[in-house]
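[1] Sequence and computational prediction follow.
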Amino acid sequence: MDRLISKIRDIPDFPKPGIIFKDITPLVKDPAALKLSVHQLMQPFLGSEITAIAGMEARGFIFGSLVAWEMGLPFIPLRKPGKLPYDVQSVSYDLEYGSAVLEAHIDAFEPDDKVLLIDDLLATGGTAKASCELIEKLGAKVVACAFVVELDFLNGRERLDAYQVHSLLHF
Ligand SMILES: O=P(O)(O)OC[C@H]1O[C@H](OP(=O)(O)OP(=O)(O)O)[C@H](O)[C@@H]1O
Ligand SMILES: Nc1ncnc2[nH]cnc12
């Protein structure tokens, strides 16, 4: 994991004063580190009941789609508002530095889907909790959530106590 930690860059006061932004661009620029992170994200779920991978725009798309590709499972994008062309279900939520909305197509999931939610980072858990609510509103079941980075001091994990939570790096 030292190899991955060294690829996370701290940017102080972005996007607001007081926030230390964890920049994953050095990690995704390094093919070996990216491959390692994708394999570590999916490792606990190999041979499990998972039938679909969901990821949140935008950084969740990077890791989520690679995990879906590697596991041979469907990838379902949870998008920022106004981007999806068909009928949508929406959720609004707060995150570490603002508030936001996510949307998914009403037919995004199959009724018996068991979903693994993937994102780059767990901070307050607002994004992940809202994503789980969105998936459940659409009739699927969230089994677990997996993150490259978890900011332990923001206790986001507590908001996800109904799910298995897997994080590669803790700060
Ligand atoms: O646990 P939380 O406090 O909700 O914060 C975590 C979320 O914040 C970031 O996304 P952001 O909304 O900045 O969008 P981006 O991926 O488009 O940069 C990150 O990728 C997570 O999705
Ligand atoms: N500190 C942080 N760094 C990167 N992404 C984030 N999303 C929420 N908080 C964040």
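    Right, received. Where do you want to start? Numbers count the residues shown, from 1 in each chain. Ligands and ions are numbered 1, 2, ... in the order given.
[2] So what sits opposite the spatially most central residue of the chain in the bridge?
    For the chain, the residue nearest the mean C-alpha position is residue 119 (1.8 Å; Cα atoms, centre = their mean). Judged by DSSP bridges, the bridge partners of residue 119 are residue 147.
[3] Tell me how far it lies from residue 85.
    Residue 119 sits at a distance of 23 Å from residue 85 (criterion: Cβ to Cβ, to the nearest Å). Backbone N, C-alpha and C define where each C-beta goes, glycine included.
[4] And for residue 30?
    Distance, residue 30 to residue 85, by Cβ to Cβ: 34 Å.
[5] Using the three-state scheme, assign residue 144.
    Using DSSP: H, G, I helix; E, B strand; the rest coil, the structure places residue 144 in strand.
[6] So what touches the helix or strand encompassing residue 33?
    Taking DSSP states H and E as the definition, residue 33 sits inside helix 31-42. If you take Cβ atoms under 8 Å, 6 or more residues apart in numbering as the criterion, helix 31-42 is touched by 3-4, 7, 27-28, 63, 66-67, 70-71, 118, 146, 148, 166, 168.
[7] Beyond it, next helix or strand please.
    The helix or strand immediately downstream of helix 31-42 is strand 52-56, counting by DSSP H and E.
[8] what is the orientation angle of that following strand with helix 31-42?
    Orientation check (axes from the mean of the first three to the mean of the last three Cα atoms, to 10 degrees): strand 52-56 against helix 31-42 gives 120 degrees.
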